[in-house]
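[1] Predicted coordinates and the sequence they were generated for:
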Amino acid sequence: MRWSDYSNGQRIKILRGKQLSQQELANQTGLSMPTIRAAEQDRRMSLSTLVKIANALGVDASIILGQQAPRRAMETDDRKTLRAISLCVHEDGRRVPS
């Protein structure tokens with residue numbers, strides 16, 4: 001199965017893995033357990049929830065949305081650095097010239 005074939009909720013579960021419980025993810029994001037559960041069950045997920053979950057999992061939101069596959073071979077610090085660079089680049093790219 002390709003990464004894009006999974007649902008958003010399935011991708012969150014896979015990224016969370018067995019080492020991080022739903023409660024721990026809720027604690028890290030500041031979201032409630034019902035919100036985490038709903039996201040993993042594909043019932044509802046606001047943009048704000050998506051961003052908080054992505055940040056807690058150390059991935060770009062596009063990975064949760066299935067637009068790109070996770071870079072599992074990379075170390076966590078390397079992924080976080082790449083994500084920070086990506087955010088800088090995309091933020092600059094969104095600015096409208098005055």
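    Yes, it's here.
[2] for the helix or strand encompassing K52, what is the average pLDDT?
    Here K52 sits within helix 47-57, counting by DSSP states H and E. When pLDDT is averaged over helix 47-57, the result is 95.
[3] and the very next helix or strand once past it, what's its mean pLDDT?
    Using DSSP H and E, the helix or strand that follows helix 47-57 in sequence is helix 61-64. Averaging pLDDT along helix 61-64 gives 93.
[4] How about helix 61-64, which residues are buried there?
    For helix 61-64, the neighbour count (16 or more other Cβ atoms under 10 Å) marks 61, 63-64 as buried. In short, each C-beta sits where N, CA and C put it, glycine included.
[5] other SSEs contacting the helix holding K52?
    helix 8-16, helix 22-29, helix 33-40, helix 61-64 (3 or more Cβ pairs under 8 Å, 6 or more residues apart in numbering; DSSP states H and E).
[6] repeat that with 10 Å
    Secondary-structure packing of helix 47-57 (3 or more Cβ pairs under 10 Å, 6 or more residues apart in numbering; DSSP states H and E): helix 8-16, helix 22-29, helix 33-40, helix 61-64, helix 76-94.
[7] Turn the ones you listed into JSON lines, columns for distance to S46.
    Below are the helices and strands packed on helix 47-57 laid out as JSON lines (distance: least, Cβ to Cβ, whole Å):
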{"stretch": "helix 8-16", "distance to S46": "12"}
{"stretch": "helix 22-29", "distance to S46": "12"}
{"stretch": "helix 33-40", "distance to S46": "9"}
{"stretch": "helix 61-64", "distance to S46": "12"}
{"stretch": "helix 76-94", "distance to S46": "19"}
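[8] Any idea which of those helices gets closest to V51?
    Closest to V51 of the helices and strands packed on helix 47-57 is helix 61-64 (Cβ to Cβ; 5.9 Å).
[9] got the CA coordinates for that closest one in CSV?
    C-alpha atoms of helix 61-64 as CSV (Å, rounded to 0.1, in the frame of the first residue of the first chain):
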residue,chain,number,x,y,z
ALA,A,61,1.2,18.5,7.8
SER,A,62,1.5,17.3,4.2
ILE,A,63,2.7,14.0,5.5
ILE,A,64,-0.5,13.5,7.5
